[in-house]
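J.: Give me the fold of what follows.
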Amino acid sequence: MNQKLDILVVIVLFISASLTYGQTKNAQQQYGTGELVSTGFVNAANFGFSPESSGIENAKALQRAVDQTGTIVVSKPGTYKIAGTVYIGSNTSLVFGNNVFLKKVDEQGKFTHVFVNKGALTKTYDQNITIEGLYIIVNGIDIRIFKEAYGLHGQLAFFYIKDLRIDRFRCMDLGKAQYGIQVCTFEDIVINDVIIKGDKDGVHLGRGKRFTISNGVFQTFDDAIALNAHDYAVGNPELGWIEDGVVENCHDLNAEKTTGYFCRILAGGWIDWRPGMKVQQSDAVVSNDRIYRVQAKADGTVYKSLTQPTHESGSQVLDGINWGVVQTDVTYTAGVRNVVFRDIFLEKPRIGFSIHFDNDRYSRSYYPGAEIPKQEQLVFDNIRVIHNQPTEFLSIGTPVDVLTICNSSFKNNRIHFRGNKAMPDYLKTKINIYGCVFNQKGTMELITNSVENKEIFLKTSSNIELYDNFSAKVVPGNGKITVESDLTGLKK
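T.: Reported below is the predicted structural model:
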């Protein structure tokens, strides 16, 4: 009996050793070739990825591992130094085990991304990529070097991507320059189970469709989540619509200092290039079947453009204006539509959701005379305002067709329509509020308007007033608010 067991053990050990040898041999054969061999499970340790290795060695080793495609596993606990960007291609899953940390280090110069997809360099779609269990320690390596694409600067970044899943991402020390996760020009992405803390945006999206951001905990000085269909020239590599998405079960934690919003929702519009037009930093134009943008210092300088930009790639200075090629997929508007926000917990006393244009020295989202970008069909379901500060729940500075707010809990948190004189007509907005709890004692300004000639239709139903002396009011300013309401102070 013992002899049979001994024989069985020897067989198992032989098979295990053979598999390890085969995998290691494949890895060794690839060190200088860059060819793809394996499509099975690969342990990154077999390529030299180790807590004991330098950041330069680890960057090279992990690159060799992910070049195999398939599923790459980092199983050994520890802090792994990494001194350069790793590029991930299609059909690749990268899985990090518990207590595995990737720490950026400056061994050969500072670098921007920890990971970016290979297609970002050529604007070629990658597909079927999963990142699971990634914990990034920024370690002060926080810098924008636009090597892969102008405007791309997430610690974890994807540009031209389909079928992406990011699961269990952690980063607790974001700096002031780089986003935690940035995705632009996408289809079908899922970002789930993230904890992001620091100074810059947690999750920053550019144009794309079909997305889910779920189970997030954020403690960021800047935006927790940014849906920036338009953006600063340095903020996103391309422009266009963000549509058909869900943001759910997210927490905006309190902090001593803050700027930005829980969610920034940016729109924009631009025109065809014309001789003599005046432009400034971040302005976009359509010319030669391309979109070009002014890439300059944010110093408020206004330029007069006399020479049409027609170059096919990169940037070119014309009339003292640095024009950068953005994209060949021409559109004249950008915005957000068909997005549901649900189960959101707002602990930080700041504006919850800002739907707006930029109009400052960094960016002018809407160029005068452009097609009006109307944002559409935004739903806010079970939004919980936990703090006690009188802040705006919604700050709206663009045309929006319909806002639905339901099953939510508010204190002294108004909806404010504000204009920046970007356009003569901000169009009519309809608001449906139902099934909500109003926790304010005394009078609450539910809606205030400061947009000239703005039309608003408000309908409320099936709401609960927690205190007997609660009363809601609306302030139309120089606009018009039509009301059908069940709330004290508004109902007839």
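J.: Please identify the buried residues of stretch 380-387?
T.: For stretch 380-387, the neighbour count (16 or more other C-beta atoms under 10 Å) marks 380, 381, 382, 383, 385 as buried. Every residue, glycine included, has its C-beta placed from N, CA and C.
J.: typed the wrong thing, it's stretch 256-274
T.: Using 16+ other C-beta under 10 Å as the test for burial, stretch 256-274 gives 258, 260-271, 273.
J.: sorry, back to before: in the buried residues of stretch 380-387, find the pair that's most separated.
T.: For these, the maximum inter-member distance is 14.0 Å, found between 381 and 385 (C-beta to C-beta).
J.: Please tell me how far residue 472 sits from residue 465.
T.: According to C-beta to C-beta, to the nearest Å, residue 472 and residue 465 sit 8 Å apart.
J.: shared neighbours of these two, anything?
T.: Taking C-beta atoms under 8 Å, 6 or more residues apart in numbering as the contact rule, residue 472 and residue 465 both touch 438, 487, 488.
J.: Just give the number of residues close to the residue nearest to the second one when sequence neighbours are not counted.
T.: Going back to what we said before, that points to residue 487. In this structure, residue 487 finds its nearest non-sequential neighbour in residue 472, 4.3 Å apart by C-beta to C-beta, 6 or more residues apart in numbering. Neighbours of residue 472 under the rule other C-beta atoms under 10 Å: 25.
J.: Quick check: residue 472 touching residue 490?
T.: Yes: at 5.1 Å, residue 472 counts as touching residue 490 under the criterion of C-beta atoms under 8 Å.
J.: what about the helix or strand where residue 131 lies, average pLDDT?
T.: Secondary structure assigned from DSSP states H and E places residue 131 in strand 126-132. For strand 126-132, mean pLDDT is 98.
J.: what's the following helix or strand after that strand?
T.: Next along from strand 126-132, by DSSP H and E: strand 135-137.
J.: Give me the helices and strands touching that next one, please.
T.: Strand 135-137 sits against strand 100-104, strand 154-174, with contacts defined as 3 or more C-beta pairs under 8 Å, 6 or more residues apart in numbering; DSSP states H and E.
J.: Go through these and name the closest to residue 402.
T.: Of the helices and strands packed on strand 135-137, nearest to residue 402 by C-beta to C-beta is strand 154-174, at 29.4 Å.
J.: which neighbours do residue 472 and residue 490 share?
T.: Here residue 472 and residue 490 have residue 446 as joint contacts, going by C-beta under 8 Å, 6+ apart.
J.: Just the element for the residue nearest to residue 487, please.
T.: In this assignment (DSSP H and E), residue 472 forms part of strand 471-475.
J.: Enumerate the positions of that strand that are buried.
T.: Across strand 471-475, burial judged by 16+ other C-beta under 10 Å covers 471, 472, 473, 474.
J.: What's opposite the second one in the beta bridge?
T.: With DSSP bridges as the criterion, the beta-bridge partners of residue 472 are residue 444.
J.: mind giving me CSV with the helices and strands packed on strand 135-137 and columns for distance to residue 411 and mean neighbour count?
T.: Shown next, in CSV, are the helices and strands packed on strand 135-137 (distance: least, C-beta to C-beta, whole Å; neighbours: other C-beta atoms under 10 Å):
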stretch, distance to residue 411, mean neighbour count
strand 100-104, 39, 21
strand 154-174, 29, 22
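J.: Spell out which helix or strand contains the most centrally placed residue in the chain, please.
T.: The centre of the chain sits closest to residue 204, judged by C-alpha atoms, centre = their mean, with a distance of 1.5 Å. Under the criterion DSSP H and E, the helix or strand holding residue 204 is strand 203-205.
J.: Partner strands of that strand, with direction?
T.: Strand 203-205 sits in its sheet next to strand 179-198 (parallel), strand 225-228 (parallel), going by DSSP bridges.
J.: So for residue 299, which of these sits nearest?
T.: Once these are compared by C-beta to C-beta, strand 225-228 is nearest, at 22.0 Å.
J.: Following the chain onward from the closest one, which element is next?
T.: Counting by DSSP H and E, the element after strand 225-228 in chain order, helix or strand, is strand 242-252.
J.: domain ranges for the chain?
T.: Domain segmentation of the chain under automatic domain parsing yields 247-257+336-492, 271-327.
J.: Packed most tightly, which of those domains would that be?
T.: Per-stretch averages of neighbours, counted by mean count of other C-beta atoms under 10 Å, single out domain 247-257+336-492 among these, with a mean of 18.
J.: Residue 132: neighbour count?
T.: The burial count for residue 132: 18, using other C-beta under 10 Å.
J.: My guess is it contacts residue 170. True?
T.: No: using C-beta under 8 Å, residue 132 makes no contact with residue 170, being 11.5 Å away.
J.: Turn the helices and strands packed on strand 135-137 into a markdown table, including distance to residue 456 and mean pLDDT.
T.: A markdown table is the format used below for the helices and strands packed on strand 135-137 (distance: least, C-beta to C-beta, whole Å; pLDDT from 0 to 100):
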| stretch | distance to residue 456 | mean pLDDT |
| --- | --- | --- |
| strand 100-104 | 48 | 98 |
| strand 154-174 | 37 | 98 |
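J.: Is it possible to get TSV of these that adds distance to residue 186?
T.: Output for the helices and strands packed on strand 135-137, formatted as TSV (distance: least, C-beta to C-beta, whole Å):
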stretch	distance to residue 186
strand 100-104	23
strand 154-174	5
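J.: right, and those strands - which one's nearest residue 112?
T.: Counting by C-beta to C-beta, and looking across all of the helices and strands packed on strand 135-137, nearest comes strand 154-174 at 7.9 Å.
J.: how far does that closest one sit from the chain's center?
T.: 9 Å (C-alpha atoms, centre = their mean, to the nearest Å).
J.: quick one: strands adjacent to it?
T.: strand 115-117 (parallel), strand 126-132 (parallel), strand 135-137 (parallel), strand 179-198 (parallel).
J.: Could you look up the SS state of the closest residue to residue 300 other than its chain neighbours?
T.: Once flanking residues are discounted, residue 300 sits nearest to residue 361: 4.2 Å by C-beta to C-beta, 6+ apart. State at residue 361, reduced to three classes by DSSP: H, G, I helix; E, B strand; the rest coil: coil.
J.: Only C-alpha atoms, please: export stretch 483-490 in PDB.
T.: Extracted C-alpha coordinates of stretch 483-490, given in PDB (Å, rounded to 0.1, in the frame of the first residue of the first chain):
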ATOM      1  CA  VAL A 483     -45.500  73.500 -10.900                       C
ATOM      2  CA  GLU A 484     -47.800  70.500 -10.200                       C
ATOM      3  CA  SER A 485     -46.900  69.400  -6.700                       C
ATOM      4  CA  ASP A 486     -48.000  67.500  -3.600                       C
ATOM      5  CA  LEU A 487     -45.500  69.400  -1.400                       C
ATOM      6  CA  THR A 488     -46.500  72.000   1.200                       C
ATOM      7  CA  GLY A 489     -45.900  75.500  -0.200                       C
ATOM      8  CA  LEU A 490     -46.200  74.400  -3.800                       C
END
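J.: What distance do you get for the closest residue in space to residue 415 that isn't next to it in sequence to residue 301?
T.: Nearest residue to residue 415, sequence neighbours excluded (C-beta to C-beta, 6+ apart): residue 394, at 4.4 Å. Distance, residue 394 to residue 301, using C-beta to C-beta: 34 Å.
J.: likewise residue 387?
T.: 40 Å.
J.: now swap in residue 109 and tell me
T.: 31 Å.
J.: mind putting the buried residues of stretch 380-387 in CSV, distance to residue 305, pLDDT and secondary structure included?
T.: Putting the buried residues of stretch 380-387 into CSV (distance: C-beta to C-beta, whole Å; pLDDT from 0 to 100; DSSP: H, G, I helix; E, B strand; the rest coil) gives the following:
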residue, distance to residue 305, pLDDT, secondary structure
380, 41, 98, strand
381, 45, 98, strand
382, 48, 98, strand
383, 43, 98, strand
385, 46, 96, strand
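J.: Right, I'll call it a day here.
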